[in-house]
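>>> no sequence on this one, just coordinates:
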């Protein structure tokens, strides 16, 4: 059965800290992995990863995929209170229309 | 910017009622999805549609049905609401290109309470 596992489930840090969120997966015919940030409302898209070893970066956020070890990490440097959110990882299998979501990591950044 | 609009942010209904949740997207996306989100369980796919009048069951379709009569609109129907359907419901849409499915864009969600 296809599955996506995120860790940790929750995390509390102080402003300025660096955090690493993990996403491991077991999916038949992997095609892509996505990261989303969810605050109070709609999840918003962060990154789409399809190739191993190529880092995607946006400001203080970056992500990388390891297709051999079947995981991805999302790094946030110099965290701010506005980074407090649930971070969702989702994986798509080739030939399907569906994404399989992990349960998310709840990040709280304290001032 | 893609806009996915869900008809209600909060909804309270009674057990046994027929409930309609509406979703509209404005980017001519082929694919539309309905999820429910529960603490500790993440997002679980209820139904999706890859074209008008086409629908596919997701992982938890029991107790739900869907309708897609127009490309921009995807409706989720709870035939006879039950208390275990109290949840946050999220609609999403995505396009397809040569590379396959593109990232999904989500609506703000409907928090449904069944009393």
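Happy to help now that I have it. Just so it is clear, the structure is predicted and the values come from calculations on it, not from any experiment.
>>> Return the list of strands paired to the lowest-mean-pLDDT helix or strand in chain A, each annotated with direction.
Every helix and strand in chain A was compared by mean pLDDT, DSSP states H and E; the lowest is strand A:99-101, with a mean of 91. Here strand A:99-101 is paired, per DSSP bridges, with strand A:85-93 (antiparallel).
>>> which residues make contact with the strand it pairs with from outside it?
Outside strand A:85-93, the residues that touch it by C-beta atoms under 8 Å, 6 or more residues apart in numbering or on different chains are A:2, A:4, A:6, A:21, A:23, A:25, A:27-39, A:43, A:46, A:72, A:74, A:98-102, A:104-107, B:42-43, B:100-101, B:104. To be clear about C-beta, it is placed using only N, CA and C from the backbone, and glycine gets the same treatment.
>>> go again using 6 Å as the cut-off
By C-beta atoms under 6 Å, 6 or more residues apart in numbering or on different chains, the surrounding residues in contact with strand A:85-93 are A:4, A:6, A:21, A:23, A:25, A:27-29, A:31-39, A:43, A:99-102, A:104-106, B:101.
>>> Give the PyMOL command for selecting the buried subset of the residues you listed.
Per 16 or more other C-beta atoms under 10 Å in any protein chain shown, the buried members of the contacts of strand A:85-93 correspond to this PyMOL selection:
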select buried, (chain A and resi 4+6+21+23+25+27+31+32+33+34+35+36+37+38+43+99+100+101+102+104+105+106) or (chain B and resi 101)
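>>> In strands only, show me the contacts of strand A:85-93.
A:4, A:6, A:21, A:23, A:25, A:31-38, A:99-101, A:105-106, B:101 (DSSP state E).
>>> what mean pLDDT does stretch A:78-92 have?
Stretch A:78-92 shows a mean pLDDT of 96.
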